[in-house]
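# Turn this into a model:
(chains A, B, C and D)
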There are 2 protein chains.
Amino acid sequence: MGLDDRKLAVLRAIVEDYVSTQEPVGSKALVERHQLGVSPATVRNDMAVLEEEGYIRQPHTSAGRVPTDRGYRLFVDRLSRVKPLSPAERRAIERFLVGAVDLDDVVHRTVRLLAQLTRQVAVVQYPSLARSSVRHLELVPISTTRLMLVMIADTGRVEQRLVELPAPVPADDVIDLRRLANEKLAGARLSDTPPLVQALVEEVPAELRPAMTTLSTVLLETLVERHEERIALAGTANLTRGGLLDFQGSLRPILEALEEEVVLLKLIGETEPSTTRVLIGDENEFDNLRAASVVSTGYGPGATIVGGLGVLGPTRMDYPGTIATVRAVARYVGELLAQN
Amino acid sequence: MGLDDRKLAVLRAIVEDYVSTQEPVGSKALVERHQLGVSPATVRNDMAVLEEEGYIRQPHTSAGRVPTDRGYRLFVDRLSRVKPLSPAERRAIERFLVGAVDLDDVVHRTVRLLAQLTRQVAVVQYPSLARSSVRHLELVPISTTRLMLVMIADTGRVEQRLVELPAPVPADDVIDLRRLANEKLAGARLSDTPPLVQALVEEVPAELRPAMTTLSTVLLETLVERHEERIALAGTANLTRGGLLDFQGSLRPILEALEEEVVLLKLIGETEPSTTRVLIGDENEFDNLRAASVVSTGYGPGATIVGGLGVLGPTRMDYPGTIATVRAVARYVGELLAQN
DNA sequence: ACTGGCACTCGTTACAGTCGAGTGCCAGGA
DNA sequence: TCCTGGCACTCGACTGTAACGAGTGCCAGT
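Numbers count the residues shown, from 1 in each chain, chains lettered A, B, ... in the order given. Now for the predicted structure:
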């Protein structure tokens, strides 16, 4: 049960070596590459204990040891310090993010940057509507019975939706509708809008009532219930690094999982404020991803969180480096958003 | 040089068998599975000729034959009829596409449908801005020196961009700007706008000149020069079907290519009106995709083409079926767009 | 012009043997 | 008590050999 300092050092050495070489590490190689100050035989005894405790395992007898998910967990929690970023990485981040002209651009640049720096699959959630406020609502007449509803959020997101009106509405009334909607809703958090929208319908003059009812339905549907969340993905080609050793030979389940927005949102979206979350292997709730690890964190202007971002890679991953990069990118993106 | 009917029949049989079994096909198996009315020895002679002409090849001596890219080309051009869709497929298409509420929704549903039906990677280009017309321009004041420019196109696309004004502009002037811009630009094809935008700047009253100049720059940049094209992708997990036999063992180059919008646009965007284009293996201009084939076509409401869609898969692909599906989906999407 | 027959090629599979990295255990020493 | 050197053992990786068989090319015969 008690793991003394040396055993922990052995575990750390195993993780580091395995991550960099991708091959099971044996006792002899270990004492050669690290100054442990003891003989291979001693290390072997320590290894036996570590294995008994479930931190490492042997792929087969007469092979070296490989960390288990539990071993990585211990490593991440207690044996590693977050690596400082290299100046080159800092520069890359800054260079990549200046010159972004709109939210789409910011998100795309971010996700590519993250994929490139970590050499893994990167995922960035667009600022969540639920955590945004309404900046402006616009109603654009398309025909007498059709409106385009455009909502602009303070986070820069713009959502639009076609509205079929139950009856023709004159242009002047559209202007009234817009004014009323903006008066009530501008500045409100999206998550607080449902009651406001309800109230809106009731306060509106009788002749506008039917149109406003339809409008409110669409508003609620689009902004609150429906997909509402968007995700950007990059770096899937990085899954093929490390041959087919990672992910036990088949990318299939991983690729399938990456196509499901719901899955990705669960992975990177449910993050507590300003924590970096690390999910290792089977800690993950999705079977398809039991061979993968996810490092994610929230981002947003200032201290508020408006969305999540992170990377997905093999459990055999450089956790300290990845964590550092994910955090740094999230911080920069937050600053960028704060400027708008 | 001269390939008589039987040699063509042999080629067709080879392609069909190889596509369905994924294994090199020999002369004996061929006469068993198809009514060719001749002996294996005869088939062998025909095969020797086909090989000499470059339509098939042997992976190694004493293996069966496999079609070459050239063989597939001949097959597609002269030996196959487009398969009619099964009723189930028709139903799937209809079911999938009803209920789409906006353009994003249509595109996402389409790309997933296509991936599912063909069991390959599907690519759908959003309606190209260059082929759209301006329906409406909206200017939303964010602050006194910032506007959100929103453009709604007749194809349903909505583009937005933040505009930093050189000097504060009062709200009334914003309304004027909007009116002027809409008067000049509404209804114009996006590709025709540059001269109109130029003219616009010159006609505007002096006090609005600086603001309109900035605005026009952003307009041109956003709508004409910049990325302007969007793409949706689905079904990457299908690349892993057929083990690692397709794509000669590495998905890497394919995944890399799929991350490049430019590449995808070249593949599916440059299609002539109402033609289905088939690119086989090395006919493709990208080295990364020399092991893949692409079937693509244009779509749009009525006879006009506003964008492209298609699928990408191994050269060993069911061309007749895939072509039929791609065409059918494109037609349905066109009808859907025509309704808006 | 087609066919049956035959020798040949060569990848696949199975099996045996060797090699060596790595282990577990134990007895001896600090 | 803890560490170490030594040693026997395991077992996957690799190598070489042999048998197998699918498939071919060619040729002589119809």
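
# How about the residues of the stretch 1-150 of chain A by chain B?
Applying C-beta under 8 Å from any C-beta of the partner chain, one finds that the stretch 1-150 of chain A approaches chain B through A:Val101, A:Asp102, A:Arg135, A:His136, A:Glu138, A:Val140, A:Ile142, A:Met148, A:Val150. Glycine gets a C-beta too; all of them are placed from N, C-alpha and C.

# and the second one, what does it touch?
Meaning A:Asp102. By C-beta atoms under 8 Å, 6 or more residues apart in numbering or on different chains, the contact set of A:Asp102 is A:Gly156, B:Gln160, B:Arg161, B:Leu162.

# And the pLDDT for it?
With respect to pLDDT, A:Asp102 scores 82.

# Distance-wise, check it relative to B:Val163.
As judged by C-beta to C-beta, to the nearest Å, A:Asp102 and B:Val163 stand 10 Å apart.

# Likewise for the first one?
The span separating A:Val101 from B:Val163 equals 10 Å under the rule C-beta to C-beta.

# Show me what the strand or helix carrying A:Arg109 is packed against.
Using DSSP states H and E, A:Arg109 falls within helix A:103-118. If contacts are counted by 3 or more C-beta pairs under 8 Å, 6 or more residues apart in numbering or on different chains; DSSP states H and E, helix A:103-118 sits against helix A:87-97, strand A:121-125, strand A:231-234, strand A:307-314, helix A:319-339.

# of all those, which lies closest to B:Ala88?
Of all the helices and strands packed on helix A:103-118, it is strand A:231-234 that lies closest to B:Ala88, at 31.0 Å by C-beta to C-beta.

# And that closest one, what does it pack against?
Contacts defined by 3+ C-beta pairs under 8 Å, 6+ apart place strand A:231-234 against helix A:103-118, strand A:121-125, helix A:261-269.

# tell me which residues of the next helix or strand after the shortest one are tucked away?
Read it as strand A:121-125. Sequence order places strand A:134-143 as the next helix or strand after strand A:121-125, per DSSP H and E. Residues of strand A:134-143 classed as buried: A:Val134, A:Arg135, A:His136, A:Leu137, A:Glu138, A:Leu139, A:Val140, A:Pro141, A:Ile142 (neighbour count, 16 or more other C-beta atoms under 10 Å in any protein chain shown).

# which residues of chain A score low on pLDDT?
A:1-2, A:223-227, A:244, A:270-274, A:340 (pLDDT under 70).

# Can you tell me which residues in it are near DNA strand C?
Within reach of DNA strand C by C-beta under 7 Å from any atom of the strand, chain A has these residues: A:24-29, A:40-41, A:44-45, A:47-48, A:51, A:58, A:61-65.

# Let's see which of those end up in strands.
Secondary structure from DSSP state E places none of those in strands.

# Mind checking which of the residues you listed are buried?
Those of the residues of chain A next to DNA strand C that meet the buried threshold are A:Pro24, A:Val25, A:Gly26, A:Ser27, A:Ala29, A:Pro40, A:Met47, A:Gly64, A:Arg65, by 16+ other C-beta under 10 Å.

# Show me the two of those that sit farthest apart.
A:Pro24 and A:Pro40 (14.9 Å).

# How about the closest residue to DNA strand C within the stretch 201-340 of chain A, nearest residue that isn't a chain neighbour?
Taking C-beta to the nearest atom of the strand, DNA strand C has its nearest neighbour within the stretch 201-340 of chain A at A:Leu245, 15.6 Å off. Nearest non-adjacent residue to A:Leu245, counting by C-beta to C-beta, 6 or more residues apart in numbering or on different chains: A:Gln22, 6.2 Å away.

# Quickly note the distance from that neighbour to B:Leu309.
The separation that A:Gln22 has from B:Leu309, given C-beta to C-beta, amounts to 40 Å.

# now do A:Asp17
Separation of A:Asp17 from B:Leu309 (C-beta to C-beta): 48 Å.

# Looking at these two, which one has more neighbours?
Higher neighbour count among A:Asp17 and B:Leu309: B:Leu309, with 26 against 21, using other C-beta atoms under 10 Å in any protein chain shown.
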